[in-house]
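Engineer: 3D, please:
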Amino acid sequence: MLQADLREIIRQGQAVHAGRNDYGEKYTVFARLKTPSGVLRDIIPIWIVLSGEDVPRFITAYPREGK
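Structural biologist: Coordinates of the predicted model:
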C-alpha cells in the first residue's frame, strides 16, 4: 500500500528541486498520506534522478514538521 501511495505521489505531485549531489538531482514532493488507520499525515518524500537517467528513484520520506 505504501509503495503504491508513493508512486501516486510522484505521478501527481508537484516536484520541487532540492539540489544536486555527486549522484544526480534531488527532488521533494510535499504530500498528504493516509495511514492504514485512516489518519492523514503530511510527509516529504525525497526522490533522486541519477546522472544519466530520467527515472526518479525513491530515497526516503519523513514527516513534515509542525503538522
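
Engineer: residue furthest from the geometric center of this structure?
Structural biologist: Most distant residue from the mean C-alpha position of the chain: S37, 21.0 Å away (Cα atoms, centre = their mean).

Engineer: measure that one to M1 for me?
Structural biologist: Separation of S37 from M1 (Cβ to Cβ, to the nearest Å): 12 Å. Placement of C-beta: from N, CA and C, glycine included.

Engineer: please give the number of neighbouring residues around the nearest residue to R20 once chain neighbours are set aside.
Structural biologist: Excluding the flanking residues, the one nearest R20 by Cβ to Cβ, 6 or more residues apart in numbering is K26, at 7.1 Å. A total of 18 residues lie near K26 under the criterion other Cβ atoms under 10 Å.

Engineer: is the residue nearest in space to the middle of the chain bridged to anything, and to what?
Structural biologist: For the chain, the residue lying nearest the average C-alpha position, counting by Cα atoms, centre = their mean, turns out to be P45 (2.6 Å). As for beta bridges, P45 partners with A61 under DSSP bridges.
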